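> this one's sequence-less:
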């Protein structure tokens, strides 16, 4: 599921506890930029075939993109499907 506003951490944690993944992005104030990042992140999540996925903006994260699973995190300032796929496996 993709959300346009940040999801509460407790919901994200619950998703992770059940084997899910959280794909997040950090955007500035420009709405066009946020829409593009949201679309790119959603396409990446769908392309990797991950289950129980949440896609959400996260204005507090240090990098442009992140993927979180239970006890692991992947951060990047560019989208790289190959390395993101390796992280998920």
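Perfect, I can see it now. Since we're looking at a predicted model, the values are computed, not measured. Numbering: from 1, shown residues only.
> can you get me a residue count around residue 67?
23 (other CB atoms under 10 Å). C-betas here are computed from N, CA, C, even on glycine.
> got it, and residue 7?
17.
> got phi/psi on it?
For residue 7, the backbone dihedrals are phi -90, psi 140 (criterion: degrees, to the nearest 10).
> distance of the nearest residue to it once chain neighbours are set aside from residue 86?
Here the nearest residue to residue 7 in space, its sequence neighbours aside, is residue 56; by CB to CB, 6 or more residues apart in numbering that works out to 4.4 Å. In this structure, residue 56 and residue 86 are 22 Å apart, going by CB to CB, to the nearest Å.
> and the two? Which one has more around it.
Counting neighbours by other CB under 10 Å for residue 56 and for residue 86 shows that residue 56 has the greater number, 20 against 10.
> picking that back up, just checking, the residue nearest to residue 7 touches residue 6?
Yes: in this structure, residue 56 sits in contact with residue 6. The criterion is CB atoms under 8 Å, and the distance is 5.8 Å.
> got the confidence number for residue 54?
Reading off the per-residue confidence, residue 54 sits at a pLDDT of 96.
> and it, what does it touch?
Under the criterion of CB atoms under 8 Å, 6 or more residues apart in numbering, the contact partners of residue 54 comprise 1, 2, 3, 7, 11, 12, 15, 20, 21, 22, 23.
> wait, is it part of a helix?
No: with DSSP: H, G, I helix; E, B strand; the rest coil as the criterion, residue 54 is located in strand rather than a helix.
> what sits against the closest residue to it other than its chain neighbours?
Distance criterion CB to CB, 6+ apart; nearest residue to residue 54, sequence neighbours excluded, is residue 22 at 5.0 Å. By CB under 8 Å, 6+ apart, residue 22 lies in contact with 12, 15, 16, 53, 54, 55, 56, 66, 67, 68, 69.
> wasn't residue 22 part of a strand?
Yes: membership of residue 22 in a strand is supported by three-state DSSP.
> and it, bridged to which residues?
Listed by DSSP bridges, the beta-bridge partners for residue 22 are residue 54, residue 68.
> alright, that wraps it up for me.
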